[in-house]
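Participant: with the sequence up front, the predicted model follows.
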Amino acid sequence: MKNSTHQTLYVILFSAIGFLLFMQFSNSDTKVENAENKEVILSNLIANRDSGNIINIAYVNSDTVSKYYEYAKKIQKDLTNKRSEAETQIKSKYFAYESLVKEFEKASPIMGDREKMEKAQKIRLLEQEIMQVEQQLSAQVSKEELRLTEGYILKTNDFMQDIGQRLGYDYVMSYRVGGAMLYANPNHDITNEIIELLNQEYESVK
């Protein structure tokens, strides 16, 4: 039972880690999508260069945005609370199970056969209950994670569409160390401005 409980706690923890990947400000794109996007952008750059048009491009540091964007912090806090609640419920059940097992082992030598069978049955039922609770809580946390992250992505995308147009940019790209963008000119870094505007947008609708 201890291994089962620990495994479930790991599942819940990994679910939260999975959520943090969403927080990397549009870093959930696949390598294929990144490659396709880069090809499209490069083609547009070449076309505009040849036609004499100027493309206005900026970028944001996605790690910094995730750290200071109030909406992202709220999502992280909500998921942490959900995970803690689930862990507390599982631990409570597990402690009750451990206590029952210790009590059974201690009293077993002086128990009659019928009493032993009844106690053993009670322990088995509690084991099954713990497994069911683990599965239910894991499913609930995963469902809540999906709901929160979908809402976060859609709403943040709406914010960025509005902000990008207001600032007059053709592209606002996401940059982070180890990401798809290998070099970014600091002169085009608008991370602080974007964080401020995102927080303003979030405050206006929450």
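Facilitator: Received it, and whenever you're ready, just let me know what you need. All of these numbers come straight from a predicted model, not from anything done at the bench. Numbers count the residues shown, from 1 in each chain.
Participant: which residues in this structure form helices?
Facilitator: Under the criterion DSSP state H, helices of the chain are mapped to 2-22, 31-51, 62-68, 70-107, 113-167, 191-205.
Participant: how many neighbours does residue 131 have?
Facilitator: Residue 131 has 15 neighbouring residues, counting by other C-beta atoms under 10 Å. For glycine as for every other residue, the C-beta is placed from the backbone atoms N, C-alpha and C.
Participant: go on, residue 202?
Facilitator: With other C-beta under 10 Å as criterion, residue 202 counts 17.
Participant: correct me, but it touches residue 70?
Facilitator: Yes: with contacts counted by C-beta atoms under 8 Å, residue 202 reaches residue 70, the gap being 5.5 Å.
Participant: make CSV out of the helices of the chain and add distance to residue 173 and mean pLDDT.
Facilitator: As requested, those are arranged in CSV below (distance: least, C-beta to C-beta, whole Å; pLDDT from 0 to 100):
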stretch, distance to residue 173, mean pLDDT
helix 2-22, 18, 44
helix 31-51, 8, 55
helix 62-68, 10, 94
helix 70-107, 18, 90
helix 113-167, 11, 90
helix 191-205, 11, 94
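Participant: out of these, deepest packed?
Facilitator: Counting by mean count of other C-beta atoms under 10 Å, helix 62-68 has the highest mean neighbour count of the helices of the chain, with a mean of 18.
Participant: many thanks, have a good one.
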